[in-house]
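A.B. asks: Mind folding the following:
(chains A and B)
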Amino acid sequence: DGGITQSPKYLFRKEGQNVTLSCEQNLNHDAMYWYRQDPGQGLRLIYYSQIVNDFQKGDIAEGYSVSREKKESFPLTVTSAQKNPTAFYLCASSIISQGVISGANVLTFGAGSRLTVL
Amino acid sequence: GQQVMQIPQYQHVQEGEDFTTYCNSSTTLSNIQWYKQRPGGHPVFLIQLVKSGEVKKQKRLTFQFGEAKKNSSLHITATQTTDVGTYFCAGKEYGQNFVFGPGTRLSVLP
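C.D. replies: Numbers count the residues shown, from 1 in each chain, chains lettered A, B, ... in the order given. Down below sits the predicted model:
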């Protein structure tokens, strides 16, 4: 079945530690995204990538880093510089289109990774 | 920058009652999407609206895109317990990424 796989589902981290969240998709989508979700808030864009070896900062990129070495993979590292990292992290992918093509720009989300900093 | 607001933040209804959530953007949108997130789950795409004044229906769900392409609504007729969850709108300006609203959390009492 095609989809997005995120791991781990739950993660605990001590302050000062970096942690990497995995995101893999087999949908052959060009674009991949990382969002952060906090209680009572919408999804906020951290980073996105439209092509291999290229990515752009979203609205809240500080304290995070990403890589896109393969089309299928878009891991997110939460660094110790992120002041309030406890959150629900969602990875998504989509077909890219500037026009109106059925299914274009529709986000398919993974199940999410819940990070808690102790 | 672009801001997307949703009202209400929470809505509690009795099963069988109707429900409406409203989405407003600070800027004109090229298109708008709606997603549903069940408790403990992840957002799932419901629909995308592109045309000014567009109305789309999915069974008991009716979606509208405003004439000025700055607002949208989702109406559920005769709610069921399976409708429980948080409904997000996401608005997109031309050439920009989607910006999500804060969501409306729907509770349905049996």
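
A.B. asks: I figured B:Gly66 was touching B:Gly53, is that so?
C.D. replies: Yes: judged on Cβ atoms under 8 Å, B:Gly66 makes contact with B:Gly53 at a distance of 7.3 Å. (Glycine included, C-beta is placed from N, CA and C.)

A.B. asks: More neighbours: these two, which one.
C.D. replies: Of the pair B:Gly66 and B:Gly53, B:Gly66 is the one with more neighbours under other Cβ atoms under 10 Å in any protein chain shown, namely 20 against 11.

A.B. asks: Got the phi and psi for the more buried one?
C.D. replies: Per-residue torsions, B:Gly66: phi -60, psi 160 (degrees, to the nearest 10).

A.B. asks: now it, nearest residue through space, not along the chain?
C.D. replies: B:Ser72 (6.4 Å; Cβ to Cβ, 6 or more residues apart in numbering or on different chains).

A.B. asks: Skipping adjacent residues, who's closest to whichever residue of chain A sits closest to chain B in space?
C.D. replies: Closest approach between chain A and chain B, counting by Cβ to the nearest Cβ: A:Gly42, at 3.7 Å. Closest residue to A:Gly42 apart from its sequence neighbours, by Cβ to Cβ, 6+ apart: B:Phe100 at 3.7 Å.

A.B. asks: partner residues bridging the one you found?
C.D. replies: Using DSSP bridges, the bridge partners assigned to B:Phe100 are B:Ala90.

A.B. asks: OK, contacts around it?
C.D. replies: Counting by Cβ atoms under 8 Å, 6 or more residues apart in numbering or on different chains, B:Phe100 makes contact with A:Tyr35, A:Gly42, A:Leu43, A:Arg44, B:Val4, B:Phe88, B:Cys89, B:Ala90.

A.B. asks: which one of these sits closest to A:Leu90?
C.D. replies: For those, the closest approach to A:Leu90 (Cβ to Cβ) belongs to A:Tyr35, at 4.5 Å.

A.B. asks: so the closest one is in which element?
C.D. replies: Using DSSP states H and E, A:Tyr35 sits within strand A:31-37.

A.B. asks: Show me what that strand is in contact with.
C.D. replies: Identification of contacts with strand A:31-37 by Cβ under 8 Å, 6+ apart yields A:21, A:23, A:25, A:43-50, A:58, A:60, A:64, A:66, A:68, A:74, A:76, A:87-96, A:107, A:112, B:97, B:100.

A.B. asks: before we move on, the earlier item: tell me how far the residue of chain A closest to chain B lies from B:Met5.
C.D. replies: With the distance defined as Cβ to Cβ, to the nearest Å, A:Gly42 ends up 10 Å from B:Met5.

A.B. asks: Same question for B:Glu15.
C.D. replies: 28 Å.

A.B. asks: higher neighbour count, those two?
C.D. replies: Taking other Cβ under 10 Å, B:Glu15 and B:Met5 do not tie; B:Met5 has more neighbours (15 against 12).

A.B. asks: Just the element for the more buried one, please.
C.D. replies: Assigned by DSSP H and E, B:Met5 belongs to strand B:4-7.

A.B. asks: cool, A:Cys91 as well?
C.D. replies: Counting by DSSP H and E, A:Cys91 is part of strand A:87-94.

A.B. asks: and the gap between the nearest residue to A:Lys83 once chain neighbours are set aside and B:Gln6?
C.D. replies: Once flanking residues are discounted, A:Lys83 sits nearest to A:Gly63: 6.7 Å by Cβ to Cβ, 6+ apart. Distance, A:Gly63 to B:Gln6, using Cβ to Cβ: 27 Å.

A.B. asks: now swap in A:Pro8 and tell me
C.D. replies: For A:Pro8, the distance to B:Gln6 equals 31 Å [Cβ to Cβ].
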